[in-house]
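> Below is the structure, and that's it, no one-letter string:
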């Protein structure tokens, strides 16, 4: 393999965060139900919240609260962030295969990034805790763009900062929204089954691969 990138021509690998690199569901469920409770709404079923992880916070609020106009979203967001400052970091578990996979990709001289609807500062806190922040050349979070996935704005922003053409990067994610985002940006996509999205739903987007575990990514990216 040449130092310029992988045998498939990839020079960068971009990752979704929730359910791709880490399981944040414990913290997210706690913060969602705390914020809903502050608005006087009933707690949401944990399974319903898990199914929406990766969807923008605004759209998640609309679906869980029934407030389709988002009239009280700003209040909800304030309570969600308030509780997140207290519990979110402790409620995030990095998957075991992330560290060795990241190290192998860096050894192959690929630049790495994260493109997520999660707040960037939350992602950075996790990476700091794990000693992995310097591994990622770019992190685009939910507060960094005005249009969230599946709009390609966040993925395009990462490509611009890395100075990569769409075909030079691989996007790795766990959900249909991730697949739609990659398609909209013209970026090759690899799916990982560490989330709640069934294999057959991801297969409909014809990803380069559907991975049982992130550790299998090296066979695709290198």
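In hand now; what should we look at? Just so you know, these numbers come straight off a predicted model, no measurement behind them. Residues are numbered from 1 along each chain as shown.
> So what touches the helix or strand harbouring residue 104?
Applying DSSP states H and E as the criterion places residue 104 in helix 98-107. The contact list for helix 98-107 (Cβ atoms under 8 Å, 6 or more residues apart in numbering) reads 13, 21-22, 112, 130, 132, 135, 214-215, 217-218, 221-222. Bear in mind the C-beta positions are built from the backbone N, C-alpha and C, glycine included.
> Please report phi then psi for the residue lying farthest from the centre of the chain.
Largest separation from the mean C-alpha position in the chain: residue 40, at 29.4 Å (Cα atoms, centre = their mean). When read as degrees, to the nearest 10, the backbone of residue 40 gives phi 80, psi 10.
> so how far is residue 183 from it?
Distance, residue 40 to residue 183, using Cβ to Cβ, to the nearest Å: 40 Å.
> Now do the helices in this structure.
25-38, 46-52, 57-65, 73-87, 98-107, 120-130, 153-162, 176-185, 199-203, 218-221 (DSSP state H).
> how far does the longest one sit from the chain's center?
In this case it means helix 73-87. Centroid separation for helix 73-87 versus its chain: 19 Å, with Cα atoms, centre = their mean, to the nearest Å.
> what packs against that helix?
helix 25-38, helix 57-65 (3 or more Cβ pairs under 8 Å, 6 or more residues apart in numbering; DSSP states H and E).
> And the shortest one, by the same measure?
Secondary-structure packing of helix 218-221 (3+ Cβ pairs under 8 Å, 6+ apart): helix 98-107, strand 209-211.
> do the first one as well
Here helix 25-38 touches helix 46-52, helix 57-65, helix 73-87, going by 3+ Cβ pairs under 8 Å, 6+ apart.
> so how many other residues sit close to residue 109?
When neighbours are counted by other Cβ atoms under 10 Å, residue 109 registers 13.
> Also residue 116?
Residues near residue 116, counting by other Cβ under 10 Å: 26.
> Tell me how far it lies from residue 138.
Taking Cβ to Cβ, one finds residue 116 at 12 Å from residue 138.
> And for residue 121?
Counting by Cβ to Cβ - residue 121 and residue 138 are separated by 15 Å.
> Which of these two has more residues huddled nearby?
residue 138 (18 against 13).
> Not counting its neighbours along the chain, what's nearest the more buried one?
residue 113 (3.9 Å; Cβ to Cβ, 6 or more residues apart in numbering).
> and the one you found, what is it in contact with?
Contacts of residue 113 by Cβ under 8 Å, 6+ apart are 12, 13, 14, 15, 136, 137, 138, 139, 140, 158, 161, 162.
> So for residue 174, which of the helices and strands packed on helix 73-87 sits nearest?
helix 25-38 (12.1 Å; Cβ to Cβ).
> Now do the contacts for residue 83.
30, 31, 34, 35.
> Among those, which one lies nearest to residue 168?
residue 31 (36.1 Å).
> wait, that closest one sits on residue 85?
No - using Cβ atoms under 8 Å, residue 31 makes no contact with residue 85, being 9.5 Å away.
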